[in-house]
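Student: Please find the sequence and the predicted model below.
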Amino acid sequence: MRFHTRKWIKPQDLNPNGTLFGGRLLEWIDEEAALYAIVQLENHKVVTKFMSEIDFKSSANQGDVIEIGIDVVKFGNASLTLRSEVRNKMTRETIITIENIVMVSLDENGRPKPHGKSKIEYVKNRLEGAREKEDSTR
C-alpha cells in the first residue's frame, strides 16, 4: 500500500463525540481515489461508481495525523478498481479499510470511456519515455 496523503485532524473535522467524523474521512478518501485515477488513466473526467463495505476499525482525535493509502486492485475496460486504507501516522493503527472503490473514466459526453491501461504507471516513467521518444526523433 502506498500512502500518498497526510491529513491533520482539526476541530472542524470532528463529530459530536469529539473524534474524526466518518463523512469527512470518506470525502478525503473519495478525493484521493479520484486524483489517483485521474493520474493513472490520464483523464481528468473520472467519477466514483462504487464503494464496497466500509470498515471502521478505530478512530482519530483532534491533533492526530493520518495517512491515506491507495492500491490498485484491477484495471477494467473503462474503470479502475482501488483499495484504500487510512492509518494513524504516529501509531500506524488502521482507522478504516475499503476493499473496492470503482472509478470510471468518462468521455466528453459523460459516458464510460475505455482507457487502454493495464498496469500502474508512474509519471516519472511517462516523462522519461516522452524524453526518449523526443531524443530518438532528433
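Tutor: Received the coordinates, thanks. Quick caveat, the model's predicted, so the values are computed rather than measured.

Student: Would you mark the buried spots in the helix with the most length in the chain?
Tutor: What stands out as the longest helix in the chain, according to DSSP state H, is helix 22-41. For helix 22-41, burial by neighbour count (16 or more other CB atoms under 10 Å) applies to 24-26, 28-30, 32-34, 36-41. Yep, even glycine has a C-beta here, placed from its N, CA and C like the rest.

Student: Show me what it is packed up against.
Tutor: The contact analysis (3 or more CB pairs under 8 Å, 6 or more residues apart in numbering; DSSP states H and E) places helix 22-41 against strand 2-8, strand 46-51, strand 54-56, strand 65-75, strand 79-88, strand 94-105.

Student: again, only this time at 6 Å
Tutor: Counting contacts by 3 or more CB pairs under 6 Å, 6 or more residues apart in numbering; DSSP states H and E, helix 22-41 is packed against strand 46-51, strand 65-75, strand 79-88, strand 94-105.

Student: Quick check: which of the ones you listed is buried the most?
Tutor: Comparing the helices and strands packed on helix 22-41 by mean neighbour count (mean count of other CB atoms under 10 Å), strand 79-88 ranks first with a mean of 22.

Student: And the contacts of it?
Tutor: 1, 29, 33, 37, 64, 66-71, 73-74, 94-104 (CB atoms under 6 Å, 6 or more residues apart in numbering).

Student: could you give the angle of that strand to strand 65-75?
Tutor: Using axes from the mean of the first three to the mean of the last three CA atoms, to 10 degrees, the inter-axis angle of strand 79-88 relative to strand 65-75 is 160 degrees.
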